[in-house]
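[1] predicted model and sequence follow; I will ask about them next.
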Amino acid sequence: MPMEKTFNAAEAEQRLYDAWESAGCFTAGANAKPGADTFCIMIPPPNVTGSLHMGHAFNNTLQDILVRWHRMRGFDTLWQPGQDHAGIATQMVVERELAKDKSNATRREMGREKFLEKVWEWKQQSGGTIINQLKRLGASCDWSRNAFTMSGAPGAPAGEDGNFHDAVIRVFVEMYNKGLIYRGKRLVNWDPHFETAISDLEVENIEVAGHMWHFKYPLAGGETYTYVEKDEDGNVILEEERDYISIATTRPETMLGDGAVAVHPSDERYAPIVGKLCEIPVGPKEHRRLIPIITDEYPDPNFGSGAVKITGAHDFNDYGVALRNQIPLYVLMDTKGHMRADGKPYAEEAALARAIAEGHQNASSIDTTAVNLVPEKYRGLDRFEARKQVVADITAEGLAVMVPNPKAGEEGEPGLIPFVENKPIMQPFGDRSKVVIEPMLTDQWFVDAAAIVGPALDAVRDGRTQILPERDRKVYFHWLENIEPWCISRQLWWGHQIPVWYDQEGNEYCAASESEAVKMAHSRYAAKRPDQEIQVAVENGGNISVRDHAGREIELVSNVEAGWVADYKSGKPGTLFVELRRDPDVLDTWFSSGLWPIGTLGWPEKTPELEKYFPTDVLITGFDIIFFWVARMMMMQLAVVDQIPFHTVYVHALVRDEKGKKMSKSLGNVLDPLELIDEYGADAVRFTLTAMAAMGRDLKLSTQRIAGYRNFGTKLWNAARFAEMNGVFENDKSDGTVPTPSETVNTWIIGETARVRAEVDEALAAYRFNDAANALYAFVWGKVCDWYVEFSKPLLMDGTPEQQAETRATMAWVIDQCLILLHPIMPYITEELWGTLGQRSKMLVHADWPTYGAELIDADADREMNWVISLIEEVRSARAQMRVPAGAQVPMLYTELDTHGRAAWDRNEALIKRLARIESLDAADALPKGCITIAVEGGTLGLPLAGIIDVAAEKARLEKSLAKLEKELGGLQGRLKNPKFVESAPEDVVEETRDLAAAKSEEADKLRAALARLAELA
RNA sequence: GGGUGAUUAGCUCAGUGGUAGAGCGCUUCGUUCACAUCGAAGAUGUCGGGAGUUCGAAUCUCUCAUCACCCA
């Protein structure tokens, strides 16, 4: 049955993938040669909520190429797949699912344990989406080892067992014990939507249209000073008596929590009032708070008024100023970003703050963060609503700085208006929630990143880990050298719960398990109170378990009601009762994905896989997670097992739309890789991405380009179809033996194949994926299909049995090589052809990658075929330009033809005649008048077409060629005439230039002779 | 403000000191039995501007311009 005209990707892809998978082709070590080196890639785990986007398609195509290439080369290969549990994203998805049905309980109503059950249910139903999408792309991961960053966590259902949770907890405990993890109250990025802390990397700073308000902070007690403004030359441009200091702010609602006003120490304008108190111009008049005017390096004297309000608990810069100057931190908002409604009445709180400001009360003796300085009228308001009201109230009171109204004079327009600048401001947004992030002072857990960053920096500096492209090293260094403590706690439920328990005195017990913590608590109190019976009660999910000194459970009470503890205690007089409560927070997802390389291989167990594949080889990832992930993996692997996780990091750029815009849902310019695969096939999508993967450059993807590479697949398909139709594979041994033909064309194409194999290997070894793809494209289309298949036709159809046999064998081999070399990039079409064409001992996915090289290149065959090709091209070009009918068979004459040329003609006569449409070749003493001249190396030939050709046109053609030649020749000879060039340029360059000049000169002579003949005619 | 990169054919981009390239698009021709998802031929470039180093610069240095991204 003849082959179809095109490859049916839609039909074949699933079938082929299933065949690979069911044969275990992708499992770790499949196709490994005995004693082979290992090659391991860790997939950058996509979010379990994720679906395949173009970035994934790109990233995984490159990984798959490396993996398939190594596997075919006989490496012991593992591509480790998996997903990460994506704390915020997953919790968000599941909550949204629940909200679809109003009868469902909300997350808070159902409680932590029930909710987590729902999350696991969701994960088991929907968490595999991206796995199937990666399979459609052709990703040859070892799915039997699919990992998940929450596997093995308490409450994980059957099938979700694994060690990842153990690894995470163990690392936390070890780092805690080494003092690398600590808890503290610090300013963190708070997401008011999800009500959790997030790391600064999860914040997107976006420029938005904002306002800058200018307000007057009156000096305490009605004091005044002379405010003097000078220009650059020191001339006084403004001098006035003021009873206030002018403050500019983009966030008026935070004024309520101001602890000071700061000016630069060098700022003479405010020197008279430094150290004095001023009044925050908002809140009930009778309780106006006074704050000090201080100096600090932070304020920029040239920005705004030069004076800055300091709200230490709601701004990162202010926080630094407050810490340096012992300014109290007042928290104004709750976890939802609403103005606080808790605490004592404002009057009492304000009095306390006032006492602190005036020095009557020592701020360090009380927790100022508990003080609620939000006046009653603003309590409970959303922060943005509070801003509006604060602005309105201050303006109404006449404490806004006023400026002349540009519309003054128009009806109803006042002469002065409040000074409000419209200006772009950088505002932080949560990358998941898209709400404005609020800096908040909260208790959080931190990794002391500065303490573990050293080895991660060294490993890259000394080259044990190589980052490609090299310039991304700088990004890595810059971030690591300026590293901040990493906030790893999240106020979520979905994640690894922090393994720390607190007792009623606030002591911490960090332990890998609850019973471990119980024992720790027990021994702590036993040491203090050796004579007393001690029982430890642990609360966990509404249950209380009472344990003895060995951690044995004495009593378990479910659904504990209020007062139970007191009752229980009173029933046990003489027993010291220690109550433990586990920290409710979970760890940042990146803390667990930071352990991905060792965690997926079974650490802390000493598994054979860990032994074998770690350290892994290459990490391929997007530039956007150098900080998030690469740097953290480096730090954590080095901190935990003291080894680099991979020797090479290949950082790839962004896939953009064809206009260069970032793909985004809101712009609607997203190309869905799955739709593209449906339309063009996975191979075309993969080849496109590969061909465009120039290191460090963004990809602008257009469907036209994908269609082009789909056509490339079709081209390959049809070359194979031609071979099949000509019986090429009928007696094929397909054992990979290189044929040893005697026909020049056959020898030549074998050499070309060897050349491209070396190019592909070299390119892939250097991670130059685009070079590999383009080399193969040029070879398969430009050499095999354009020339070799055409050359083979006379041999296959009219050749001797010997010629036919060797050409069949050569073509079978060449096409096999195309399939093998293309397979890492285009796995489906190549596997399908492999299976269709011959009898194979194994699938292409496990075929042996060739190692032949330059020894197969025959220089004589090369030269001969290049001569033949250029002759054919010359003839075709001349014919087309002279409008010789395409189908016409024409005679050809030669006046001179050297021995090489003569031999080349003799050996390749049939194919030259066929491809150039020549009917005969004869010697002539001189070319007749009215002849198209063909000048080639070592020969002058002509097509005598007196009746057909247009003398003027032939003259024009020759003159044009000559002009071009002369221009080139001019450049070459100019160089050669320059004695300095001959002196200083390398010898081979000079030699090359001479040869080239000679050849051009010879060709030019031939053209001049031809022109002379034409002149005679005219 | 700091950093990184880009600027090469109409478009998208390769090209790290020695003859300016590819794909797409465009023009003309072509239904010869692998392929019209094709074939043949052709046109199109002061390699962003300027200066420098060099026998020689798209390539190295400086500078200016425009654009993009990252970090403040």
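    Looks like it arrived, so ask away.

[2] and A:S792, which of the three is it?
    helix (DSSP: H, G, I helix; E, B strand; the rest coil).

[3] return the residues in contact with it.
    A:745, A:807, A:811 (C-beta atoms under 8 Å, 6 or more residues apart in numbering). No exception for glycine: its C-beta is placed from N, CA and C like everyone else's.

[4] between these, which is nearest A:P944?
    A:V745 (28.3 Å; C-beta to C-beta).

[5] for that closest one, which non-adjacent residue is closest in space?
    Excluding the flanking residues, the one nearest A:V745 by C-beta to C-beta, 6 or more residues apart in numbering is A:F791, at 4.4 Å.

[6] using TSV, lay out the contacts of A:S792 together with secondary structure.
    Below are the contacts of A:S792 laid out as TSV (three-state DSSP):
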residue	secondary structure
A:V745	helix
A:T807	helix
A:M811	helix
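
[7] and the residues you listed near RNA strand B, which?
    When C-beta under 7 Å from any atom of the strand is applied, no member of the contacts of A:S792 is adjacent to RNA strand B.

[8] list the buried residues in the helix or strand encompassing A:Q535.
    Taking DSSP states H and E as the criterion, A:Q535 maps to strand A:533-540. Residues of strand A:533-540 classed as buried by neighbour count (16 or more other C-beta atoms under 10 Å): A:534-540.

[9] stretch A:25-33 too?
    A:25-32.

[10] again with stretch A:594-608
    A:594-604.

[11] residues from the stretch 851-1000 of chain A in reach of RNA strand B?
    With C-beta under 7 Å from any atom of the strand as the criterion, the stretch 851-1000 of chain A comes near RNA strand B at residues A:873, A:876-877, A:880-881, A:886-887, A:960, A:968, A:971, A:975, A:978, A:980-981, A:984-986, A:989, A:992, A:996.

[12] in ChimeraX, select just the buried ones from those.
    This is the ChimeraX syntax for the buried subset of these, where burial follows 16+ other C-beta under 10 Å:
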select /A:975,985
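
[13] now A:T621. Nearest residue, chain neighbours left out?
    A:P44 (4.8 Å).

[14] does the one you found touch A:L62 like I think?
    No. Look at A:P44 against A:L62 with C-beta atoms under 8 Å: they stay out of range, at 11.2 Å.

[15] okay, and the common contacts of the two?
    With C-beta under 8 Å, 6+ apart, A:P44 and A:L62 have common neighbours A:I620.

[16] what backbone torsions are found at A:W213?
    Main-chain dihedrals, A:W213, degrees, to the nearest 10: phi -90, psi 150.

[17] low-confidence stretches in the stretch 251-400 of chain A?
    For the stretch 251-400 of chain A, the stretches flagged by pLDDT under 70 are A:363.

[18] which stretches of it form strands?
    A:260-263, A:277-279, A:290-295, A:307-310 (DSSP state E, counting those that start in this stretch).

[19] list of residues touching the last one?
    The list of residues contacting strand A:307-310 from outside it, by C-beta under 8 Å, 6+ apart, reads A:217, A:245-247, A:249, A:254-255, A:258-263, A:270, A:293-294, A:298-299, A:318, A:321-322, A:325, A:327.

[20] what about RNA strand B: which of these touch it?
    Okay, of the contacts of strand A:307-310, nothing touches RNA strand B (C-beta under 7 Å from any atom of the strand).

[21] just the buried ones from those, in ChimeraX syntax?
    Only the buried entries of the contacts of strand A:307-310 go into this ChimeraX selection, using 16+ other C-beta under 10 Å:
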select /A:217,245,246,247,249,254,255,258,259,260,261,262,263,270,293,294,298,299,318,321,322,325,327
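
[22] among the contacts of strand A:307-310, which lie within helices?
    A:318, A:321-322, A:325 (DSSP state H).

[23] and the two most separated of the residues you listed?
    Pairwise distances across those peak at 10.5 Å for A:D318 and A:N325 (criterion: C-beta to C-beta).

[24] distance to A:G412 for the ones in helices among the contacts of strand A:307-310 - can I get that in CSV?
    Listed next are those as CSV, based on distance: C-beta to C-beta, whole Å:
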residue, distance to A:G412
A:D318, 39
A:V321, 43
A:A322, 44
A:N325, 46
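
[25] report the buried residues of the host helix or strand of A:P424.
    Applying DSSP H and E as the criterion places A:P424 in strand A:420-430. Applying a neighbour-count criterion of 16+ other C-beta under 10 Å, one finds A:427-430 buried in strand A:420-430.

[26] likewise for stretch A:494-509?
    Buried residues in stretch A:494-509, counted by 16+ other C-beta under 10 Å: A:494-503, A:509.

[27] which among the residues you listed gets closest to RNA strand B?
    Closest approach to RNA strand B among the buried residues of stretch A:494-509 (C-beta to the nearest atom of the strand): A:G495, at 22.9 Å.

[28] one step back: what sits up against the strand holding A:P424?
    A:189, A:191, A:193-194, A:198, A:202-214, A:248, A:250, A:435-437.

[29] got the domain ranges for chain A?
    Residue ranges for the domains of chain A, per automatic domain parsing: A:31-180+A:448-498+A:584-652, A:196-430, A:500-582, A:682-857, A:889-1017.

[30] SS state for the residue of the stretch 201-350 of chain A found nearest RNA strand B?
    Residue of the stretch 201-350 of chain A nearest RNA strand B, by C-beta to the nearest atom of the strand: A:N205 (5.6 Å). Classification of A:N205 by three-state DSSP places it in strand.

[31] any idea what the residue lying closest to it once chain neighbours are set aside is bridged to?
    In this structure, A:N205 finds its nearest non-sequential neighbour in A:M426, 4.9 Å apart by C-beta to C-beta, 6+ apart. For A:M426, the beta-bridge partners are A:E207 (DSSP bridges).

[32] A:M426 and A:Y319: what is the separation?
    17 Å (C-beta to C-beta, to the nearest Å).

[33] next secondary structure after the worst-scoring helix or strand of chain A on mean pLDDT?
    Using mean pLDDT, DSSP states H and E, the weakest-scoring helix or strand in chain A turns out to be strand A:655-656, at a mean of 68. Reading on from strand A:655-656 to the C-terminus, the next helix or strand found by DSSP H and E is helix A:673-680.

[34] restricting to C-alpha, output the helix or strand following that next one in PDB.
    The helix or strand immediately downstream of helix A:673-680 is helix A:682-691, counting by DSSP H and E. Extracted in PDB, the C-alpha atoms of helix A:682-691 (Å, rounded to 0.1, in the frame of the first residue of the first chain):
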ATOM      1  CA  ALA A 682       3.800  18.700  17.700                       C
ATOM      2  CA  ASP A 683       6.800  18.300  15.500                       C
ATOM      3  CA  ALA A 684       6.300  21.600  13.700                       C
ATOM      4  CA  VAL A 685       5.700  23.400  17.000                       C
ATOM      5  CA  ARG A 686       8.900  21.800  18.400                       C
ATOM      6  CA  PHE A 687      11.000  22.500  15.400                       C
ATOM      7  CA  THR A 688       9.900  26.100  15.300                       C
ATOM      8  CA  LEU A 689      10.800  26.700  18.900                       C
ATOM      9  CA  THR A 690      14.100  25.000  18.500                       C
ATOM     10  CA  ALA A 691      15.000  26.800  15.300                       C
END
